[in-house]
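A.B. asks: sequence-free structure coming up:
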């Protein structure tokens, strides 16, 4: 047991301590200020994924990590530095310390918008975890600062963990008031327009559908798309600022219109789609229209091509006898088309392909496109049109950043042309699209030239076309082949070669995804009856061929949620329309392996 100290000694110690503090007022104040400091970075250890962070090319990994169970991995590509950032509320005229641990070459940690001097720290090479730190003082009116990390061109992936911003917290304030005046406006089979009154102090608005948060917007109106036809929905809206979210508004209900039917009632529930080499021959040989087996439900004639890239003048030339000795006559070809249609099949003209670059740069080219495509459809009595624009046919201008409101002429004119054709031929007109993953799913990471410029302007360029025509679109069958790695909704990269790639890419279409990582710009899901999976028919047909067993695994996962492997889908879609392949000719060359597997699966 400790004996008590004499009272006189305790008093002397107290006096000496008080004197020391009085003589060093600055030190005492600094210690008190530091005691009030806090770590203001949200999810600095990436333990809850990318929550709080906006990344152009980042994902969380479980190894290597510095502490906890997760860390950031980000991969620069092209002109993109793989920047990850978050905005933090701070106090004006106050000191802050930013620290973080990184691995990799040329890794940066910094802060911008400080109101004084923006700062950063970096390392040229960190083969193991290295601590970076920098300090700054906020300006007299600064209330927000952006902290970030990024890599550099061509230096490979970097890792970051345990990022913290230490300093006094900013004033939280009060959440905004409840929005009023919520009104449902125009309604289609898949969308509802909503608007409401502005709320002072709100920085954004959270829109709820049937009690679940659907999206966040900055304005006082939005169009909710991706809805089901003939369905009643309940909507609410809440105002948001840095202090939090208001209570939700009064509920408004709206019922979507009756749908167009996904390409007509005579399209089978599960369809097999294939391209027929009608204008050329290659190693697969020429296949006559009459010799296409009955299993093929949609036959795309490959290809209609332009007289020049920007003319809009599309011509369909049948394969010449010199190139295709067994080609049928025009009369036989047209008669075979009618026979297919009498058996319930759809025959379309496919525009584009690898060599058919089409850029509708002017209104004149748009009008020529409509008239020339109509002429082909009428001459051969076709059921519709397939858009297979590849290469440099579609790209986005630098100021075109919102897929919902495109501004690029080649995009705007194509949308207008397709709407005109749909209106001309009516509800039974079949409209399909076959973009590459670069033009669709890559838009989850990159859209056009990007916020800082330098990205490929073709990235995600099909998204505005698909979105504008989603009520008219019969089928979207993205080419899940000839593709590089694509980041899925699990923030992991997926590569060709197995069921996993098809599962992840299709899940994105049926679930929807933020465009360029922006939670305020979500590409809405398509209906499952609008989606087919594009695959090569054989190893000769293109990179990315998978065995029939892998095709079956992909279908099982998406329609039954079995055989999913490591990827967890966001739903189960038994109404998935089916499969598309390049091509019927190559499948015949491979003894109809692709067709036989489809028939065995769907009966």
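C.D. replies: Arrived safely. Owing to the predicted nature of the structure, the values given are computational and were not obtained by experimental measurement. Numbers count the residues shown, from 1 in each chain.
A.B. asks: which residue ranges form the helices in the stretch 1-150 of the chain?
C.D. replies: Using DSSP state H, counting those that start in this stretch, the helices assigned to the stretch 1-150 of the chain run over residues 7-23, 25-36.
A.B. asks: Where among these is average confidence lowest?
C.D. replies: With a mean of 36, helix 7-23 has the lowest mean pLDDT of these.
A.B. asks: all helices of this structure, in order?
C.D. replies: Counting by DSSP state H, the segments of the chain that form helices are 7-23, 25-36, 330-342, 363-380, 409-425, 463-468, 499-511, 548-560, 584-589, 593-602.
A.B. asks: The residue sitting nearest the centre point of the chain: what's it in contact with?
C.D. replies: Geometric centre of the chain, nearest residue: residue 444, 2.7 Å, by Cα atoms, centre = their mean. By Cβ atoms under 8 Å, 6 or more residues apart in numbering, the residues touching residue 444 are 486, 487, 488, 489, 508, 513, 514, 515, 516, 517. Heads up, the C-betas are built off the backbone N, CA and C, glycines and all.
A.B. asks: so which of these comes closest to residue 465?
C.D. replies: residue 515 (13.6 Å; Cβ to Cβ).
A.B. asks: you'd agree residue 525 is up against residue 507?
C.D. replies: No. Using Cβ atoms under 8 Å, residue 525 is not in contact with residue 507, being 9.7 Å away.
A.B. asks: any chance of the helices of the chain in JSON lines, plus distance to residue 51 and mean neighbour count?
C.D. replies: Shown next, in JSON lines, are those (distance: least, Cβ to Cβ, whole Å; neighbours: other Cβ atoms under 10 Å):
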{"stretch": "helix 7-23", "distance to residue 51": "42", "mean neighbour count": "10"}
{"stretch": "helix 25-36", "distance to residue 51": "26", "mean neighbour count": "10"}
{"stretch": "helix 330-342", "distance to residue 51": "52", "mean neighbour count": "14"}
{"stretch": "helix 363-380", "distance to residue 51": "44", "mean neighbour count": "18"}
{"stretch": "helix 409-425", "distance to residue 51": "33", "mean neighbour count": "19"}
{"stretch": "helix 463-468", "distance to residue 51": "25", "mean neighbour count": "24"}
{"stretch": "helix 499-511", "distance to residue 51": "18", "mean neighbour count": "24"}
{"stretch": "helix 548-560", "distance to residue 51": "27", "mean neighbour count": "19"}
{"stretch": "helix 584-589", "distance to residue 51": "45", "mean neighbour count": "25"}
{"stretch": "helix 593-602", "distance to residue 51": "39", "mean neighbour count": "18"}
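A.B. asks: Let me have these in TSV, extended by distance to residue 86.
C.D. replies: Output for those, formatted as TSV (distance: least, Cβ to Cβ, whole Å):
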stretch	distance to residue 86
helix 7-23	38
helix 25-36	22
helix 330-342	56
helix 363-380	43
helix 409-425	32
helix 463-468	26
helix 499-511	24
helix 548-560	34
helix 584-589	48
helix 593-602	45
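A.B. asks: Of those, which shows the lowest average pLDDT?
C.D. replies: helix 7-23 (a mean of 36).
A.B. asks: Please verify my assumption that residue 368 contacts residue 315.
C.D. replies: No. Residue 368 is not in contact with residue 315 according to Cβ under 8 Å; the separation is 11.3 Å.
A.B. asks: Could you pull up the contacting residues of residue 149?
C.D. replies: With contact taken as Cβ under 8 Å, 6+ apart, residue 149 is in contact with 72, 74, 83-85, 100, 102, 107-110, 158, 160, 163.
A.B. asks: give me that answer again for 10 Å
C.D. replies: By Cβ atoms under 10 Å, 6 or more residues apart in numbering, residue 149 lies in contact with 53, 55, 58, 72, 74, 81-85, 100, 102, 107-110, 120, 122, 132, 158-160, 163.
A.B. asks: Out of the residues you listed, which sit inside strands?
C.D. replies: By the criterion of DSSP state E, membership of the contacts of residue 149 in strands covers 55, 58, 72, 74, 84-85, 100, 102, 107-110, 120, 122, 132, 158-160, 163.
A.B. asks: what about the strands in the stretch 401-550 of the chain?
C.D. replies: Here the stretch 401-550 of the chain has its strands, by DSSP state E, counting those that start in this stretch, at 430-433, 475-476, 486-487, 493-494, 513-515, 518-523, 532-536.
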